[in-house]
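S.K.: for reference, the sequence and a predicted model appear below.
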Amino acid sequence: MTSTRPNIVLFLSCRLFAVAAALALGCGPAWGDDPADDLAGVPMERLVLDDMEDAGDWYNGSPEETKLAASDLHAKEGKTSLEFANQVDHMKGEKNYPIGWPRTGKDLNKGGPTDWSDYEFFECWIYATTSRDALPRNPLGIGFYHSGPKRSTSFPLDSVRKDEWTKIRLPISRIELAGDVQRVQFNISESNYSHGDQVSFYIDDVVLTRFAHPVLGAMRAQHRIVYADDRYMTAQFELLGNRAGKEVQVVLEVGSGSEAFAQTSGKAGDLGGEITVRIDPGRPLAPGEAWMKIMLQDRAGKILHERQATFRVIEGPGL
Amino acid sequence: MSRYRLLLGLVAAAMLISGVRAADYRCFDMGTDDSPLRDGFIRVTAKSAYSPEAGYGWRTLDGLKSHHRSYSREWEYSESRGREYPPAIYTNEVTCDTIFSKQANAFLVDVPPGDYTAYLFGGLSAGSARDYHWFDAAVGGARQTVKIDGPYRFEKCVFKTSVQQGPLAVELAPTTGWLATCLIVFPTSAEQQVRADLLDALEQEIYFLPPDVAAKWKKTEHEEPRPMPDFSAEDRDRGYAVFARHWSEVIYPNTAPRPQELDPKLAAFASLGEYEPVTLTVRPLADLADARLTAGDLRCGDAVIPAANIDVRWVRYMLVRPNYSMFFAYHVAPDVLEHRESADLKAGENQRFWITTRVPDDATAGVYEGKLTFQAKGRPAAEIALKLRVLPIRLQKNPEHVYGMYYRDPLSNVDDGNSPEANAYFARKAELERLDMVEHGMTTHISGVTGLDRDEQGNWTMDGAETERRIALSRKFGLADQPLVVSIPVGWWYSRLVDKKGTGSHLRLMRDDVPQSFYDEVTKMVEAVQKERKNYDWPEFLYYPIDEPSTSPSSVKFMVGVMKAIKQVPGVRTYVTADPSHEQFEPMWPYVDVWCCQPFVFGYEKIRRLSRERGIEFWCYPNHISGENDHTPIRGARMTWGYGFWKSGFKTLIPWIYQSSSGDPWNYLDGSSMDFFNRSTPEGEPIPVAMWEAYREGIDDGRYLYTLGQLVERGKKAGGPQADLARQAEAEIRYLWDAVDVQEKYKYDDLWSGPDFDAYRWLLARWILRLQGPLP
């Protein structure tokens, strides 16, 4: 069955969010709390792009080397998944590119949602089998195609594993034109495989998701290491959740040990993803470890979510 | 009817009062008898002698020649590369043709007395990289010098003059030869109308894209996430605000300053002999005319770092593609760092300045203070404090690390068929670029051999004179002290001896049945080169036969054959640009001495182990922070060349390439790929880009690391309190090691902030100061 209208359900997020959030903010989670730990229970809304109970909407871009089918051999949800089976052939395929890119995709402009800007993640499950001992480093890729010639955003799907299900979660903020996604396409790059390799991917449960209420996707101290006489501390954060979340208040606290020595707050929608607090010039930072904490508060002052990051303070060059 | 006549009369009167007559501008399209003629332009050929009847023409027809080369908009398929490419440039009726000469001449235009503006465009739509056009154009008493190297570029001269009597004369005086593509003459008072009627459109076509092509390209605007701060009354009154952000963090025209960045005090630290950048940005709150930024001396007591050591450059925004090989998408990004006297600034568009101080080798240590002054016509000036702490440190470079560039040597354009001026230009460019590479920390560059020949009996010889000229110059600058990677023409000879279709790009056209006899020729080729190498006492050569072979079975088979053939010659080593982590390259391992790949593969431990066990080297060509980007991964570049390189275990960094140009080198949207990296002045002087400066800063990060590492080793051996200090410093080095989040390609994401890089460097610097004691 393919969805013909949005099918929004609540869904619990999973640990893979950590990678996605880090990607979205352009930072590693190493300096702040691991987002996955405290977001596991946050309700999420889903929009099903394709439940893969019918492979009819998926085109075969490389019929000489690829077979497509709805397969019950490996299904994550429902009865079937899309089987994208490839026989790597470095001599056949497209005339000018015999070592090419076998691919399958779905055009969304024939009824699927093309404006993804209200959602936070593209997700799917993938199971891989292969005649090789192991998949290559870059086994599979995905591309999101926009209107106009040669406009797309691509991601390598390096996390796909042989003989197990892998959850893919990509932040939509990383897609160049999230409001204009005309096509989704999976492809392999034959240059990553040896001639004669057989590799199949079972793709299932292709959805868009978003958090049902405001959360901090990721958070980091703008600077990991600061000078004791620095006067401004900035935290960068990613606010996820329902659009109405932009009306929440963001509070930043900075301190060391058990003492908070500076605090500021602002409306999330006004901050552009970062908040800065001024440190009292009469209170230089002590060398060592310090922390900053961000809290999301609703209009009633209730804390919806919080995160913390640490940074190091050193004596500076005295300028 | 009478109402109509009245209206016409009123219009005519108004025009007479303003001095503007609709048909008063004269447009001349220089070309051949049948080259395309732009609407509204007058055809001028090499036979268009001046006559009073015509009212325009050449003073003399002696020595005049014409050129015409139009390009279809159709993309052409390249068999070698297996894809289509757009034309070299997008010509129009004006730019497809030109009149040129090596003899002085003038183009005369009859005009009534008055004040006139003349736009002269000169350039050629085809030619060779060896071309160098140098001429003066003059109108009235004003003279402009034009220098153009290569084809596809059109320079513009604008003159304003008064004509009392006689024709307006555009004097053309060649040094090598002059080029006249089109001339537009109009009353100066009509400039607005002329701009609207034709000039703006023409310039868009020449320097941007013609409308039919532009329609296929989409511009993306940078979305600024931060709101604009409240500017102070003082800023609003004077018409601008000044703010500063770390040089490695990108500022777009609409980037909003953070409140704490306003009214900055610039500060940095540097060691002896180091170059150290800072930046500041002016945000015009109103249009500013004749804006300029000047630097004063830096002083520390009696010690002075003179203003001459402070290089002030303007950050120029360019229209860039997301990646050098992409089409149909572009956006505005900061890129080139130019020298300018002054410029007009538009309200609401940031202008960033890049200020680099060179600390003298013998500077006195201490905190130097000075100021930069920003001025604009009719506006209060702003003084911005600059503090530089000079550290008594002489940085050392790790001798195990090699820093290089792929490089198209201008010396290769020096030719007996050129004019002396052209040869002098290319020779000077070659010197200046080598000096620039050295000043940016480079110790080598990719080279090549020429002069190889094979007679019909199969005897190979090499005339090393031209190769020697290039290597001798590189030696002069210390760029040939290491083993030199030399490209040898295996592909060229393959097309002559095996298959005239050639190997194809990435060996995509490679046959499966290459005879052993060809590989034997490769061996003889290398023997000939080795013989000449001994004659000239050149450094060791690393032989580089093919660039980026594909992973196809026939490609790998060919590479094995070629590398094996090269290694038949005793003692020689091979270099290949291929990713050793690709299993398809397994058969090549026994024959490769230097693997050069784009990502930092395998990880530090494995790289070091493989290097040790197999006696091979791992180099990296990090093109993701040279051309394969939109010119903004500045922090990625610094990390790649500094801490990232350190934690990779690799031996050498050598990206492609010091300068890459396709079509007009100042139009990044034309041609088969985006131009990238350093540009050049008409005199051949390097114009840096922000990423080039980031390379140097990364190399300097590495120098701080190595210098401290050496002191740590010395301290540990000394024992006692010095050893204790050394161990504490070593712990900091380990802390820094752990702080580097390893990536195969450092580019945009998951990177430290700009100030973090400096703070980590300070961590190293203060330990150097503690461990080293006073300098001798």
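M.R.: Nice, thanks for sending it over. Predicted model, so just to flag it, every value in this text is computed and none were measured.
S.K.: chain neighbours aside, what residue packs nearest to the residue in the stretch 401-550 of chain B that chain A sits nearest to?
M.R.: Nearest residue of the stretch 401-550 of chain B to chain A: B:Ser550, at 6.3 Å (CB to the nearest CB). Any C-beta I mention is one placed from the backbone N, CA and C, and that applies to glycine too. Nearest non-adjacent residue to B:Ser550, counting by CB to CB, 6 or more residues apart in numbering or on different chains: B:His506, 4.4 Å away.
S.K.: since we're on A:Glu77, how many residues are nearby?
M.R.: Number of residues near A:Glu77 (other CB atoms under 10 Å in any protein chain shown) recorded here: 14.
S.K.: ok, which residues in the stretch 551-700 of chain B are in contact with chain A?
M.R.: For the stretch 551-700 of chain B, the residues in contact with chain A (CB under 8 Å from any CB of the partner chain) are B:551-553, B:581-584.
S.K.: give the buried subset of these as a PyMOL selection command.
M.R.: A single PyMOL command selects the buried members of those (16 or more other CB atoms under 10 Å in any protein chain shown):
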select buried, chain B and resi 551+552+553+582+584
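S.K.: check contacts around the residue of the stretch 401-550 of chain B closest to chain A.
M.R.: By CB atoms under 8 Å, 6 or more residues apart in numbering or on different chains, B:Ser550 lies in contact with A:99, A:191, B:506-508.
S.K.: where along chain A do the helices fall?
M.R.: Using DSSP state H, the helices of chain A run over A:17-25, A:35-39, A:268-271.
S.K.: er, the stretch 651-776 of chain B actually
M.R.: Assigned by DSSP state H, counting those that start in this stretch, the helices in the stretch 651-776 of chain B fall at B:690-718, B:720-739, B:754-772.
S.K.: for the ones you listed, give me a markdown table that also has mean neighbour count and mean pLDDT.
M.R.: Formatted as a markdown table, the helices of the stretch 651-776 of chain B follow (neighbours: other CB atoms under 10 Å in any protein chain shown; pLDDT from 0 to 100):
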| stretch | mean neighbour count | mean pLDDT |
| --- | --- | --- |
| helix B:690-718 | 22 | 97 |
| helix B:720-739 | 15 | 96 |
| helix B:754-772 | 21 | 97 |
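S.K.: now these in a markdown table, please, with extra columns for distance to A:Pro149.
M.R.: Listed next are the helices of the stretch 651-776 of chain B as a markdown table, based on distance: least, CB to CB, whole Å:
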| stretch | distance to A:Pro149 |
| --- | --- |
| helix B:690-718 | 28 |
| helix B:720-739 | 43 |
| helix B:754-772 | 36 |
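S.K.: A:Leu285 is nearest to which of the ones you listed?
M.R.: helix B:754-772 (12.7 Å; CB to CB).
S.K.: hang on, the earlier thing: ok, the contacts of B:Ser550 vs B:Phe159, which is closest?
M.R.: For the contacts of B:Ser550, the nearest to B:Phe159 is B:His506 (49.8 Å; CB to CB).
S.K.: so, low pLDDT: which residues of the chain?
M.R.: You didn't say which chain, so I picked chain A. Where chain A drops to pLDDT under 70, the residues are A:1-37, A:242-246.
S.K.: wait, I meant chain B there
M.R.: For chain B, applying pLDDT under 70 flags the ranges B:1-23, B:774-776.
S.K.: re the thing from before, give me every residue that touches the residue nearest to B:Ser550.
M.R.: B:547-550, B:555.
S.K.: which ones are touching the residue most central in space within chain B?
M.R.: Closest residue to the average C-alpha location of chain B: B:Asn678 at 1.9 Å, with CA atoms, centre = their mean. Contacts for B:Asn678 (CB under 8 Å, 6+ apart) come out as B:433, B:436, B:658-659, B:686-689, B:692.
S.K.: in a markdown table: those, plus distance to B:Thr161.
M.R.: A markdown table is the format used below for the contacts of B:Asn678 (distance: CB to CB, whole Å):
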| residue | distance to B:Thr161 |
| --- | --- |
| B:Glu433 | 38 |
| B:Asp436 | 39 |
| B:Tyr658 | 41 |
| B:Gln659 | 37 |
| B:Pro686 | 35 |
| B:Ile687 | 31 |
| B:Pro688 | 37 |
| B:Val689 | 37 |
| B:Trp692 | 40 |
